[in-house]
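Undergrad: Whatever this is, show me its structure:
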Amino acid sequence: MHIRPPHSLPINQPSHKCVHLQDSLQCSSHRMGLVLLLTSTLLSSWRAVDAQSTFTIRDVTLSIEPGTDVPRDTNVTVRCQAVVSSSGQEALSRQYTIFKDTVPVYSKTSSSSEDLLYLLPEARASNTGKYRCQIIIKDKKMESKTEKLTVTGLSTPVLHLNKVVVHEGEELIARCTAPGETGSIIFYFYEDSKEIHEERVNSNQTEVKLRFKSVGVRNIHCAYTVLIMPESFTSKESNATTISVIEFPVTPFLEISPTHKAYEGDILHISCSIMNFQYGSQTINLYLSQGTQLLSSGDNKTKVNHSMVVLAKDSGEFECRIEMGNVVKVATKTISVIELFSAPIITMSPAEVFQREPMTLTCKSESFASEKLSREELTYTLDPPESPLIQRDTEVFSGKALLYDFNYTCIAQAKGIVKHSNTLTVRPKISVSTPNISVIEKPILGRPFRILCQSDTGSLPINYTLLRDHYRLSTVSVKKPFEKAHFTVTITHTDDINKYTCEAKNSQREGQRSRGLNAAVVVPLSRPTLTVVPALSEISEGDDLYMICGIQGTPPVTFKWYRHGNKQPLLTTTSNNNNTNYRISKVTKDHSGTYYCEAFNYANNVVRSELATVEVHLAMWKKVLIGGSCLLVVSGLTIVCLLYFFRFKRGKREAAAELSVKPSSPKSDDSLTVNLTHDKEVYNAATVRADRAVVSVWSERPPEAANDEETSMVSNEPDVEYTEVVHQPAADSTRVPSRKGTDTVYSELQNNPHGAAAHHDYGSVEYAELNGEQHEINHCGPEVNDYQDLPVPVD
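TA: Modelled structure (predicted):
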């Protein structure tokens with residue numbers, strides 16, 4: 001393909017060679033443009049081709065014209081319409097398929113977009129069904145919905161017979177036709193109203209062969225059914241045709257001699273022959289029979305004979321039968337044979353016999369023909385001949401029963417007729433042995449249990465009776481080898497078990513009795529008692545704790561110990577004793593808690609003890625240590641309190657005697673501080689501010705006034721006390737003149753009625769120590785900011 005560049009891109013083609021560098025670059029650019037243009041053109045062409053093949057099947061519909069329910073002979077059209085969308089003009093190959101009841105019935109491939117038509121001219125019932133259409137385009141497929149076509153109406157069948165007059169057994173050909181019908185058809189042929197033949201074919205006609213065995217006139221007609229699964233359509237009845245069946249010209253003849261009474265032992269002569277027979281090409285078969293036993297036969301013969309000595313069992317019907325092709329003719333006669341004597345009957349006496357006990361067999365015919373036979377002519381024997389019984393009379397045989405079973409048969413004979421009795425099997429019974437009495441499962445006190453009574457030997461049936469203290473309780477009859485005699489009882493005391501006995505009996509004689517029942521009785525457990533050692537109030541740390549679980553009942557017993565709140569047992573053990581224990585070595589406080597035990601034995605009743613609360617106390621040495629420590633602490637506190645008490649008393653007595661005043665030489669504007677101190681007890685004093693100087697006045701009250709009640713005991717009258725004032729040299733001699741000696745100053749302290757000093761503008765009162773040593777006031781007690789009214793100091 002040669003592709004020219006668009007005219008919008010003119011290219012100045014240089015010479016075949018690019019001489020200069022600039023020309024070389026222009027040449028490369030030109031070649032690159034050609035490559036890009038070619039690639040773009042090819043890509044656009046590929047897209048165009050691909051766009052032409054893009055399509056989708058939008059819908060497929062199937063319709064039936066002129067309708068879905070049409071009568072027979074209607075021209076029906078099944079139309080399949082497909083809606084396909086495509087992007088190009090290319091014609092798409094469409095593959096159509098029409099289905100009838102899931103089976104494809106028509107296919108066509110077309111490139112046209114026109115509808116596909118499937119024609120059903122002159123529709124028949126066989127065209128009834130469900131239709132659908134399928135279209136396939138390349139790898140896409142779509143199907144329409146199903147439409148059901150129903151064609152109603154069938155044609156009337158036509159019957160044709162090859163002849164209307166036939167002999168009995170002669171073959172007749174009948175043909176039934178369903179005009180215009182198709183599909184699977186079943187044809188029915190009827191004789192009058194009774195169906196005589198059925199034929200299924202895939203065509204609209206069939207032929208069958210019919211035969212009639214009896215003489216007469218018959219009406220024949222047919223009908224058919226068209227099968228359209230799962231439905232079927234049945235036609236009307238065809239025309240009826242009348243045929244005549246005439247007799248075949250041959251007759252069987254049966255003759256029996258003698259024709260009057262026949263007795264057992266008489267000879268019977270029988271003949272079977274053909275009458276009115278004209279020989280032809282057909283083969284004739286002649287048969288003489290009695291019941292299912294064929295006595296005589298012959299081919300192409302006119303007569304067959306048979307002779308026999310008859311017995312009573314030979315009474316019945318004799319048959320003479322002629323078969324010629326499909327024609328069968330029969331002649332019958334019934335003969336009755338009088339029994340000369342009846343079959344003997346053998347009986348035994350007694351009805352039950354035990355080993356080695358006497359027994360008698362009687363053999364006798366109940367009836368005989370006295371006009372033909374006397375009783376003396378009738379003889380009896382036993383079979384087998386080696387029978388141990390001896391014939392005592394014509395009909396009686398006696399002897400002793402054997403140790404094993406034996407079969408006897410009686411044979412009666414007279415005038416050559418031998419008859420046998422039924423076989424009698426004599427089974428000598430075995431006397432029952434002394435029964436054994438036992439328990440099937442362990443007896444549990446107060447609960448039902450079963451007792452087994454069984455003999456080792458003895459013929460069945462055996463009657464077993466359970467007795468208690470020789471009183472009969474119940475009886476069980478064992479009739480089969482594998483049956484057992486079980487008795488269910490309940491006892492309330494352990495010694496009741498020995499009161500039961502068993503009796504076995506299989507004859508009229510006295511039964512055999514067992515010994516008393518001997519078995520261990522399981523006593524259910526009582527409620528266990530849980531004993532704790534040592535006692536609950538004496539359990540201390542480090543002790544070995546024993547929890548003893550005791551019960552009353554039959555061992556072995558399984559014991560379990562639990563701690564309350566835990567599902568898993570602490571210990572499980574089985575013991576043959578009625579008590580056992582669980583030991584905890586060196587208990588601690590962690591072992592404190594609630595415990596209980598459970599127990600059960602074969603009776604399987606789980607019993608539980610009451611709860612026992614274990615509290616582990618402190619060890620003795622810990623108690624002694626704690627007690628000693630407490631005593632020491634109490635003793636120490638007692639001593640401290642005593643010392644404190646004595647010192648407190650002593651300080652109060654010495655307080656008044658050691659009062660002293662230690663003034664300094666203050667300036668006229670300074671205040672004087674006086675402290676009263678005895679040991680560590682502090683007494684309040686007042687410091688008075690005067691116009692010229694500060695004078696400290698100490699007041700001492702009686703010792704008894706310094707107790708806890710001094711506040712409430714204060715008098716309403718002002719107290720007048722005497723105070724000794726000691727003047728000490730001033731630190732600054734230039735400001736305060738030195739003064740020695742002791743001056744006695746009378747001062748009056750007035751207290752208010754509530755125990756607090758009245759406040760005046762005299763000055764402030766502070767604390768002072770008696771020993772003359774200055775300390776901070778807040779070391780001894782709270783600071784007092786109250787002011788008291790003091791009298792003017794006296795020089």
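
Undergrad: The longest strand belonging to the chain - contacts with which helices or strands?
TA: Criterion DSSP state E: the longest strand present in the chain is strand 216-228. With contacts taken as 3 or more CB pairs under 8 Å, 6 or more residues apart in numbering; DSSP states H and E, strand 216-228 sits against strand 158-161, strand 171-177, strand 184-191, strand 231-234, strand 241-246. Quick note: C-beta positions are derived from backbone N, CA and C, even for glycine.

Undergrad: pLDDT wise, what is Q205 at?
TA: pLDDT, Q205: 92.

Undergrad: got the contact list for it?
TA: For Q205, the contacting residues are 175-178, by CB atoms under 8 Å, 6 or more residues apart in numbering.

Undergrad: what's the distance between it and V84?
TA: Counting by CB to CB, to the nearest Å, the gap from Q205 to V84 is 46 Å.

Undergrad: do P524 as well
TA: Counting by CB to CB, the gap from P524 to V84 is 92 Å.

Undergrad: try T613
TA: 95 Å.

Undergrad: In terms of neighbours, single out the busier of the two.
TA: V84 (17 against 11; other CB atoms under 10 Å).

Undergrad: Would you confirm that that one contacts T54?
TA: No - using CB atoms under 8 Å, V84 is not in contact with T54, being 11.4 Å away.

Undergrad: so what sits against both of these two?
TA: What both V84 and T54 touch, as defined by CB under 8 Å, 6+ apart, is an empty set.

Undergrad: shouldn't Q355 be in contact with I430?
TA: Yes - in this structure, Q355 is within contact of I430 by CB under 8 Å, at 6.4 Å.

Undergrad: Strand partners (parallel or antiparallel) of the host helix or strand of V60?
TA: Secondary structure assigned from DSSP states H and E places V60 in strand 55-65. Note on strand 55-65: by DSSP bridges, its sheet partners are strand 76-86 (antiparallel).

Undergrad: Tell me where this structure is predicted with low confidence.
TA: Along the chain, segments meeting pLDDT under 70 span 1-53, 277-282, 620, 652-795.

Undergrad: Could I get the full set of helices for it?
TA: 21-52, 620-655 (DSSP state H).

Undergrad: For the last one, name the packing helices and strands.
TA: Going back to what we said before, that points to helix 620-655. Using 3+ CB pairs under 8 Å, 6+ apart, helix 620-655 is in contact with strand 676-678, strand 681-683.

Undergrad: The closest residue to G458 other than its chain neighbours: what's it in contact with?
TA: Leaving aside its sequence neighbours, G458 sits nearest to V432 (CB to CB, 6 or more residues apart in numbering; 3.2 Å). Applying CB under 8 Å, 6+ apart, we find V432 in contact with 455, 457-459, 462, 504-507, 511-512.

Undergrad: between these, which is nearest G169?
TA: Among those, S459 lies closest to G169 (CB to CB), at 65.7 Å.

Undergrad: Burial check on A619, number of neighbours?
TA: If you count neighbours by other CB under 10 Å, A619 ends up with 14.

Undergrad: what's the burial count for the residue lying closest to it once chain neighbours are set aside?
TA: Spatially, and ignoring its direct neighbours in sequence, A619 is nearest to E541 (4.4 Å; CB to CB, 6+ apart). When neighbours are defined as other CB under 10 Å, E541 has 16 of them.

Undergrad: coming back round to it: buried residues in the strand holding V60?
TA: 55, 57, 60, 62-64 (16 or more other CB atoms under 10 Å).

Undergrad: And that strand, how far out from the chain middle?
TA: 54 Å (CA atoms, centre = their mean, to the nearest Å).

Undergrad: what does stretch 330-347 give?
TA: Distance of stretch 330-347 from the chain centroid (CA atoms, centre = their mean) equals 69 Å.

Undergrad: bridging residues for K148?
TA: K130.

Undergrad: Correct me if wrong: it contacts T68.
TA: Yes - applying CB under 8 Å as the test, K148 and T68 come out as touching, 6.0 Å apart.
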